[in-house]
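Colleague: Here's a sequence, model it:
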Amino acid sequence: MKDKSLVFTYGVVFFVMITWGLNVVLLKLLVEAFPPVTMTVFRIMLAGVVTGIIVLFSRSMRKLSKIEWHYTILAALFGVVGHHFFLATGLALTNASNTVLILLYCHLLHLYLRLFSCMIA
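Modeller: As a prediction, the model looks like this:
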């Protein structure tokens, strides 16, 4: 029984990795067919609708305070909208391989900065 559960877990992880890896390549194909801003709007709208449905069915949402709403809106604006807008716009100007390398280097830079800040703190 445990072996089947482990195989299922690794299967789900493998599927998520493949989907995540194909994200940039598929976005590059879509950006060639549609304008980058249009792609960004539809991607974020679809993600918002799916997330809203999940939150409504889980019924585990609490009311946010005023300062939490400010942080949430700032994070959504800069962390989500900004990222996807610049990703789609950049993909329209370069190839998918360069975009993947840029994204990889951004994550590595964040990792190194966190490690460095922990060492000096």
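Colleague: mind listing the helices in the chain by residue range?
Modeller: 2-33, 36-58, 66-74, 82-93, 96-120 (DSSP state H).
Colleague: so can I have TSV of these showing mean pLDDT?
Modeller: Below are these laid out as TSV (pLDDT from 0 to 100):
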stretch	mean pLDDT
helix 2-33	85
helix 36-58	87
helix 66-74	91
helix 82-93	83
helix 96-120	80
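Colleague: and these, which is most packed in?
Modeller: helix 82-93 (a mean of 16; mean count of other Cβ atoms under 10 Å). C-beta here means a position set from N, CA and C on the backbone, and glycine is covered the same way.
Colleague: helices or strands up against it?
Modeller: helix 2-33, helix 36-58, helix 96-120 (3 or more Cβ pairs under 8 Å, 6 or more residues apart in numbering; DSSP states H and E).
Colleague: May I see these organised as TSV, with distance to Leu87 added?
Modeller: Formatted as TSV, the helices and strands packed on helix 82-93 follow (distance: least, Cβ to Cβ, whole Å):
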stretch	distance to Leu87
helix 2-33	7
helix 36-58	8
helix 96-120	7
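Colleague: between the ones you listed, which gets nearest to Phe86?
Modeller: Nearest to Phe86 among these is helix 36-58 (9.1 Å), distances taken as Cβ to Cβ.
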